[in-house]
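Asks: Predicted structure and sequence below. I'll ask about it afterward.
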Amino acid sequence: RAAALTGVAELLDPDELLAFGSRALGDPDMLVRRAAMQLFSRVPPERAFPRLLQTLQESEDSAVLAAAGGLAQAHFNSFRNVSLSPQPDAERGTVIARLARYIHHPELATLLSALARHAIPEVREAVAEVWRHRPDATEPAALESLAADPVPAVRRIAAGAAVSAERYDLLDRMTQDPEPEIRREVGVRLGLAAPVGPAGLLVLEHLEGDAEMPVRAAAHVARLLQGEAVPL
């Protein structure tokens, strides 16, 4: 089926390419869905991206998302315009954020910072998750906003993004978060990112004085993972 898509790609007009590509993205096999990207690449980007973002699933395989991300990277301005106008719903916003993880473009941060202001928390979570893996695409002010987000689940993922971006000043602020689980997450993420240097150790020192035992425990374990001696 993947070979058939490749074989007919040159024979179809744009409407047929979109129709065949959309159906192929519903195929149960990842190779077929990945081959569908060849069809979308032959359609003008202003037409291809709306259908692609409408058809891609949030749970799509990373190989398919990487292929779609390559197409978005090649036509980034069109992809950004389609992604943000109008504001996407929760599922589409999450798909766009997941795609962004595979895009390498100097203006990628502008797209992600706009999604970081989305009204739906799940989209903001998806952006924070992208920044956890792609600190090079982080927009500092938007990351600070996510670290102070009213939804704890967003702040929790933002803690990991702040560690990846080495924003120890922001992490130190997060040691005052009202939710113990968020403060604990700061310690856990710093431990997993060892070594974190003097600035990170200072954050852990502040967590070691936390009123909640699980937070102090995470800070002590993180210190041990840094190779630091911790009194019994």
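Replies: Cool, the structure landed.

Asks: From here on, just use CA atoms for contacts and neighbour counts.
Replies: OK.

Asks: distance of Asp172 from Arg189?
Replies: For Asp172, the distance to Arg189 equals 13 Å [Cα to Cα, to the nearest Å].

Asks: Not counting sequence-adjacent ones, nearest residue to Glu46?
Replies: Nearest non-adjacent residue to Glu46, counting by Cα to Cα, 6 or more residues apart in numbering: Ser78, 6.1 Å away.

Asks: Run through the residues that contact the residue nearest the centre of the chain.
Replies: Nearest to the mean C-alpha position of the chain, counting by Cα atoms, centre = their mean, stands Val130 at 1.9 Å. Val130 makes contacts with Ala97, Arg98, Ala100, Arg101, Ala161, as judged by Cα atoms under 8 Å, 6 or more residues apart in numbering.

Asks: one step back: distance of the residue nearest to Glu46 from Ser85?
Replies: 11 Å.

Asks: Comparing the two, which residue is more hemmed in?
Replies: More crowded of Ser78 and Ser85, by other Cα atoms under 10 Å: Ser78, with 17 against 8.

Asks: quick one: that one and Pro45 touch, right?
Replies: Yes - the pair Ser78 and Pro45 passes the contact test of Cα atoms under 8 Å, sitting 6.3 Å apart.

Asks: in what helix or strand does Thr110 lie?
Replies: Using DSSP states H and E, Thr110 maps to helix 108-115.

Asks: residues of whichever helix or strand comes after that helix that come out buried?
Replies: The helix or strand immediately downstream of helix 108-115 is helix 121-133, counting by DSSP H and E. Neighbour-count burial for helix 121-133, with 16 or more other Cα atoms under 10 Å as criterion, is recorded at Pro121, Glu122, Val123, Arg124, Glu125, Ala126, Val127, Ala128, Glu129, Val130, Trp131, Arg132.

Asks: now the residue nearest to the centre of the chain: how far from Phe49?
Replies: Separation of Val130 from Phe49 (Cα to Cα) stands at 20 Å.

Asks: of all the contacts of Val130, which comes closest to Ala218?
Replies: Taking Cα to Cα as the measure, Ala218 sits nearest to Ala161 out of these, at 17.8 Å.

Asks: can you tell me the helix or strand for the closest one?
Replies: Using DSSP H and E, Ala161 falls in helix 152-164.

Asks: Check which helices and strands that helix sits against.
Replies: With contacts taken as 3 or more Cα pairs under 8 Å, 6 or more residues apart in numbering; DSSP states H and E, helix 152-164 sits against helix 121-133, helix 140-147, helix 168-174, helix 180-192.

Asks: so it versus helix 180-192, what angle?
Replies: If you take axes from the mean of the first three to the mean of the last three Cα atoms, to 10 degrees, helix 152-164 sits at 20 degrees to helix 180-192.

Asks: I would like the residues contacting helix 152-164, please.
Replies: Against helix 152-164 from outside (Cα under 8 Å, 6+ apart): 121-122, 124-125, 128-135, 143, 146-149, 168, 170-171, 174, 179, 181-182, 185-186, 189-190, 193.

Asks: That's all I had, so thanks and see you.
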